[in-house]
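> Here is my input; please provide its structure:
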Amino acid sequence: MTRTTTRIGAITGTLALLAAGAVAVGPGTPGTPTASAATATATATATATATTLTPVAITSPKLPRRPPTLSNPITIVVKDQMGELKLSTSRDYRIVLPKTRAWKNARGLWITGGHNVVVIGGTVDVGYGWRDSSGDVVKRAAYFRDTTGILHVEGVRFMSSSTQKLTEGINVSMPDGYLRLFNVWMSSLLSGSQSTNHADVVQAWGGPRSLLVDGLFASTQYQGLFLTPTQHASVTLGTWDLRRVWIDGRDAAYLLWRDGADWPIRTSLVHVTGSTRQSSGLWPSRTAWPYVKTTKPTTKYGSSGGFAYTSPGYL
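Residues are numbered from 1 along each chain as shown. Sure thing, here's the model as predicted:
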């Protein structure tokens, strides 16, 4: 396996202040930890070695991993407005979304627990969302917490049919688990700002141990992939592998962000466009993301997701 090692030096002054602003989370993202300015600045100014792996050649629409083999799984056929799906961490599950219409659930695809969990195909419609304890409206696509094995999410579309806007994409807090996101499409705009909700496409603040993405499209007004997996948990990190990703910024801020910890990341056919920040919205620097493209791809990766989804198969 060929590796390229990129040195991230000390980041001070204006960039450190930007880091503090980017980590803090405003209304509309309930349950999201908020780092203090001091913590954020310490992270931003740390010197670390970021390992970036050479991209893989992608020549097939097939996906890189099959769903995990499930042992005596429990099948949950979801009903509208079920809210959070609370699962046993010692059992395997198959989550079945409707195949002929969108699943209406104000709290999105919220999965807590489970060992190996598989979700393939479906559209999640959060509608008008819900109000958190502070009264803010939350329209979050998904929240994945405390899964202890592999969470395999494939061919899922996220949207709000009521407003055509989401306030947050996918939040991740599963330090003992492994997450796969294949052919995921956020068809509604992620709407936010620095002073309100940050509208992250994916925000991982506690794990997973490894993240494998193949096929993802989202448009955001503020942040893209915000990857700080050890921010609020102790995690043994493996490789994070991003393939066929397009984050479409709408005058957005940071579209790819990694912290100062050293863990290997591979980016293959990853595109970011539309950032107003330095280095095309790549934090902490352009050199930390040497293989990321800052041009539009010829296709919206992941846009096959939805209730009529057919898997392209697996390598």
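> which stretches of the protein have low pLDDT?
Scanning the chain for pLDDT under 70 picks out 1-50.
> 90 - rerun?
Along the chain, segments meeting pLDDT under 90 span 1-51, 259-262.
> which strand of it spans the most residues?
Longest strand in the chain by number of residues (criterion: DSSP state E): strand 240-252.
> Enumerate the positions of it that are buried.
Trp240, Asp241, Leu242, Arg243, Arg244, Val245, Trp246, Ile247, Asp248, Gly249, Arg250, Ala252 (16 or more other C-beta atoms under 10 Å). Bear in mind the C-beta positions are built from the backbone N, C-alpha and C, glycine included.
> Mind listing the strands that strand pairs with, and their directions?
strand 210-220 (parallel), strand 265-275 (parallel) (DSSP bridges).
> if I pick the residue positioned nearest the centre of the chain, what's in contact with it?
Nearest to the mean C-alpha position of the chain, by C-alpha atoms, centre = their mean, lies Val202 at 2.4 Å. Counting by C-beta atoms under 8 Å, 6 or more residues apart in numbering, Val202 touches Gly169, Ile170, Val172, Leu181, Gly224, Leu225, Phe226, Leu227.
> let's see 6 Å
Neighbouring residues of Val202 by C-beta atoms under 6 Å, 6 or more residues apart in numbering: Gly169, Ile170, Leu225.
> mind checking how far the nearest residue to Lys99 once chain neighbours are set aside is from Val235?
With C-beta to C-beta, 6 or more residues apart in numbering as the criterion, Lys99 has its nearest non-adjacent residue at 5.5 Å, and that residue is Phe307. With distances taken as C-beta to C-beta, to the nearest Å, Phe307 is found 34 Å from Val235.
> cool, Tyr301 as well?
27 Å.
> Likewise for Lys300?
When Lys300 is compared with Val235 (using C-beta to C-beta), they lie 31 Å apart.
> and the two? which has more neighbours close in?
For Lys300 versus Val235, neighbours defined as other C-beta atoms under 10 Å are more numerous around Val235 (21 against 17).
> list the contacts for that one?
Listed by C-beta under 6 Å, 6+ apart, the contact set of Val235 reads Pro175, Gly207, Pro229.
> Give me the neighbour count for the first one.
The tally of other residues near Pro175 (other C-beta under 10 Å) stands at 23.
> what's near enough to touch it?
Contacts of Pro175 (C-beta under 6 Å, 6+ apart): Gly206, Gly207, Ala233, Val235.
> What is the burial count for the first one?
Pointing back at Gly206 there. 21.
> Equivalent analysis for the second one, please.
Applying other C-beta under 10 Å, we find 27 other residues in the vicinity of Gly207.
> Now do the same contact list for it.
Met174, Pro175, Pro229, Ala233, Val235.
> leaving aside the residues next to it on the chain, what's closest to it?
Pro175 (3.6 Å).
> just how off-centre is the longest strand of the chain within its chain?
10 Å (C-alpha atoms, centre = their mean, to the nearest Å).
> Identify all contacting residues around that strand.
Here strand 240-252 makes contact (C-beta under 6 Å, 6+ apart) with 201, 211-217, 219-222, 224, 255, 265-276, 297, 301.
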